[in-house]
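Visitor: when you get a sec, could you give me coordinates for this:
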Amino acid sequence: MARLRYVQGPVPAPQSSGLNNTVRTVRAVYETDPEIAKALLPRPLVAAARPEIFLQFAHVAMHVTPETTVEIGALTLGVMCDYEGTPGGYVFHMAMEGESVVTSGRERFGEPKKIAETTFEKDGDRVRATCTRHGITYFEVEGTLGADKGKPEPFEEYFYCYKGLPSITTPGEFDGDVYLTRLNWKRNYNLKRAFDGQIRFHESAYDPLVDVPIRRMVSMDYVEGATNTSGQLLRTVPSEYIAPFWVQRNDVPANPGIEIALASAKAA
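Guide: Purely as a prediction, here's the structure:
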């Protein structure tokens with residue numbers, strides 16, 4: 001007999017729709033310019049009342065099976081929004097280690113994941129983490145753990161993505177339907193502490209987080225615990241809703257971007 005592993009063989013049991021992880025995470029929310037937050041958001045998502053950006057850097061232990069655990073670093077940013085009464089964040093940047101976790105998230109959920117090199121260092125109450133792509137360390141966070149905020153109650157939070165297949169023949173169009181998806185992330189943290197730190201973005205034509213500047217830090221915490229991630233399809237959307245935003249998931253250093261008039265600049 002010959003074995004061919006390019007075809008799925010028998011599995012012992014149906015695989016779970018969600019993935020159980022344990023995490024050590026710096027979570028932050030910051031305000032950016034209102035005009036930038038609005039311009040980041042594809043239809044049919046509706047901008048939140050305040051121009052807030054959710055940011056987290058997580059050191060994740062992914063428990064794929066009882067015998068297999070994969071450890072990665074992951075950076076996620078989303079602009080806060082609402083869809084049909086359910087608040088969440090539209091994910092415009094995701095970077096993490098590991099080809100398999102990147103490709104599976106892109107293909108299954110429509111997450112805009114990119115392969116990155118990450119570091120996570122915790123020395124006592126000091127934490128430092130970085131994210132690097134194309135040799136450019138474009139994200140850094142470092143600081144000190146502060147007051148214990150007690151064990152949080154379990155909660156669920158939601159993040160929105162778009163899933164589609166770019167056209168073979170026509171750039172800027174798609175083959176087949178484009179879907180709005182929702183990530184459902186259940187959090188069960190056993191530790192939450194204040195985090196006195198600083199987030200720094202550095203110029204990168206591949207990952208221009210500097211274009212979404214921090215104007216005011218709303219909150220910053222350090223948490224540890226368990227998380228379960230899953231997702232669902234919400235609806236199909238016209239491809240023109242997402243076409244201008246598809247560049248977010250690709251490396252296009254020649255992209256000039258768009259010009260945005262800021263009210264703050266006029267006031268100055």
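Visitor: neighbouring strands - and their directions - for the helix or strand where G88 lies?
Guide: Assigned by DSSP states H and E, G88 belongs to strand 86-96. According to DSSP bridges, strand 86-96 has the following sheet partners: strand 68-83 (antiparallel), strand 113-115 (parallel), strand 155-163 (parallel).
Visitor: list the buried residues in that strand.
Guide: Of the residues in strand 86-96, those scored as buried under the neighbour-count criterion (16 or more other CB atoms under 10 Å) are G88, G89, Y90, V91, F92, H93, M94, A95, M96. Glycine gets a C-beta too; all of them are placed from N, C-alpha and C.
Visitor: after that strand, heading C-terminal, what element do we hit next?
Guide: Per DSSP H and E, the first helix or strand lying C-terminal to strand 86-96 is helix 99-109.
Visitor: okay, the angle between that following helix and strand 68-83?
Guide: The directions of helix 99-109 and strand 68-83 differ by 40 degrees, with axes from the mean of the first three to the mean of the last three CA atoms, to 10 degrees as the criterion.
Visitor: if we can go back for a sec, would you turn the strands paired with strand 86-96 into a markdown table with distance to E224, mean pLDDT and mean neighbour count?
Guide: Supplementary listing: the strands paired with strand 86-96 in a markdown table, determined by distance: least, CB to CB, whole Å; pLDDT from 0 to 100; neighbours: other CB atoms under 10 Å:
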| stretch | distance to E224 | mean pLDDT | mean neighbour count |
| --- | --- | --- | --- |
| strand 68-83 | 14 | 92 | 20 |
| strand 113-115 | 23 | 97 | 19 |
| strand 155-163 | 15 | 98 | 19 |
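Visitor: before we move on, the earlier item: closest one to T32 out of the buried residues of strand 86-96, please.
Guide: When the buried residues of strand 86-96 are compared for distance to T32, the smallest value, 11.5 Å, is given by F92; criterion: CB to CB.
Visitor: residues contacting the closest one?
Guide: Applying CB atoms under 8 Å, 6 or more residues apart in numbering, we find F92 in contact with L40, L77, G78, V79, P112, V212, F245, Q248.
Visitor: ok, now with 10 Å
Guide: With CB atoms under 10 Å, 6 or more residues apart in numbering as the criterion, the residues that contact F92 are 40-42, 53, 76-79, 112, 161, 209, 212, 245, 248-249.
Visitor: any low-confidence regions in this structure?
Guide: For the chain, the stretches flagged by pLDDT under 70 are 13-19, 64, 266-268.
Visitor: excluding chain neighbours, what is closest to T119?
Guide: Nearest residue to T119, sequence neighbours excluded (CB to CB, 6 or more residues apart in numbering): T130, at 4.7 Å.
Visitor: now do the contacts for that neighbour.
Guide: When the contact criterion is CB under 10 Å, 6+ apart, the partners of T130 are 57, 73, 75, 116-121, 137-142, 200, 202.
Visitor: for it, what is the enclosing helix or strand?
Guide: Taking DSSP H and E as the criterion, the element that holds T130 is strand 126-133.
Visitor: how big is the angle separating that strand from strand 68-83?
Guide: Computed with the same axes, to 10 degrees, the direction of strand 126-133 lies at 80 degrees from that of strand 68-83.
Visitor: can you list the strands that strand 126-133 pairs with?
Guide: Note on strand 126-133: by DSSP bridges, its sheet partners are strand 117-123 (antiparallel), strand 136-148 (antiparallel).
Visitor: among the ones you listed, which is the most enclosed?
Guide: Of all the strands paired with strand 126-133, strand 136-148 carries the top mean neighbour count, a mean of 17, counting by mean count of other CB atoms under 10 Å.
Visitor: could I have that strand exported to CSV, CA atoms only?
Guide: As requested, C-alpha coordinates have been extracted for strand 136-148 and formatted as CSV (Å, rounded to 0.1, in the frame of the first residue of the first chain):
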residue,chain,number,x,y,z
ILE,A,136,11.1,46.6,9.9
THR,A,137,10.1,46.7,13.5
TYR,A,138,7.0,48.8,13.0
PHE,A,139,5.3,48.1,16.4
GLU,A,140,6.6,48.2,19.9
VAL,A,141,5.0,48.2,23.3
GLU,A,142,6.7,48.2,26.7
GLY,A,143,5.8,49.1,30.2
THR,A,144,5.3,48.0,33.8
LEU,A,145,2.4,46.1,35.3
GLY,A,146,0.5,48.1,37.9
ALA,A,147,-2.4,47.7,40.2
ASP,A,148,-4.3,44.4,40.4
